[in-house]
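J.: no sequence for this one, just the structure:
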């Protein structure tokens, strides 16, 4: 538990710095696997004919599924599959981590067969006092997904709580 914690100028300097782009793929297999994993039973996520009958060009990506990051050994995080070192690393020294929530805004439906490019940037840093955890660092990160034409298809804002 951190009795005190201050956001340094070096940490603040990372706000707004964008990562290198990373590739995400939406395959029919990954769409089906995600839909099955979260318990969806709507045939449009599994059957191409049902998806086309519903007006989609292919299997639609279920809510919260933005594709699978392309894993490249040595270049990716073994835990999260995304790129290692594609952006600045926030060094804060706090060992605990909690998920602070995620909000995703879609510009259009995503479908199997698409390849997306994502970039992330730190948008905010705050500290808050907790009776149980002491001083916490709350980070907000924004990730933008673009299609092959460069159009924004989704924006995600996520918070992480370090203590």
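T.: Ah, there it is. Computed from a prediction, not measured in an experiment: that's the story for all the values here.
J.: I'd like the next helix or strand past the least confident helix or strand in the chain by mean pLDDT.
T.: Lowest on mean pLDDT, DSSP states H and E among the helices and strands of the chain sits strand 68-69, with a mean of 92. With elements assigned by DSSP states H and E, the helix or strand that comes after strand 68-69 is strand 97-106.
J.: and the top strand by length along the chain, how far out from the chain's middle?
T.: Secondary structure assigned by DSSP state E gives strand 115-130 as the longest strand of the chain. Relative to its chain's centre, strand 115-130 lies at 10 Å (C-alpha atoms, centre = their mean, to the nearest Å).
J.: which element follows it toward the C-terminus?
T.: Assignment by DSSP H and E places the next element after strand 115-130 at strand 134-146.
J.: hang on, the earlier thing: what's the longest strand of the chain packed up against?
T.: When contacts are defined as 3 or more C-beta pairs under 8 Å, 6 or more residues apart in numbering; DSSP states H and E, strand 115-130 sits against strand 22-25, strand 134-146. Quick note: C-beta positions are derived from backbone N, CA and C, even for glycine.
J.: could you list the buried residues of that strand?
T.: Of all the residues in strand 115-130, those buried under the rule 16 or more other C-beta atoms under 10 Å are 116-122, 125.
J.: also stretch 133-149?
T.: For stretch 133-149, a neighbour-count test (16+ other C-beta under 10 Å) marks 133, 135-147 as buried.
J.: stretch 59-66 now?
T.: So stretch 59-66, judged by 16+ other C-beta under 10 Å, has buried residues 59-62, 65-66.
J.: which of those residues fall in helices?
T.: With helices defined by DSSP state H, no entry of these lies inside them.
J.: okay, residue 15: pLDDT?
T.: pLDDT, residue 15: 97.
J.: kindly provide the distance from it to residue 160.
T.: 14 Å (C-beta to C-beta, to the nearest Å).
J.: ditto for residue 152
T.: Separation of residue 152 from residue 160 (C-beta to C-beta) stands at 23 Å.
J.: same drill for those two, tell me which one is more crowded.
T.: Higher neighbour count among residue 152 and residue 160: residue 160, with 16 against 13, using other C-beta atoms under 10 Å.
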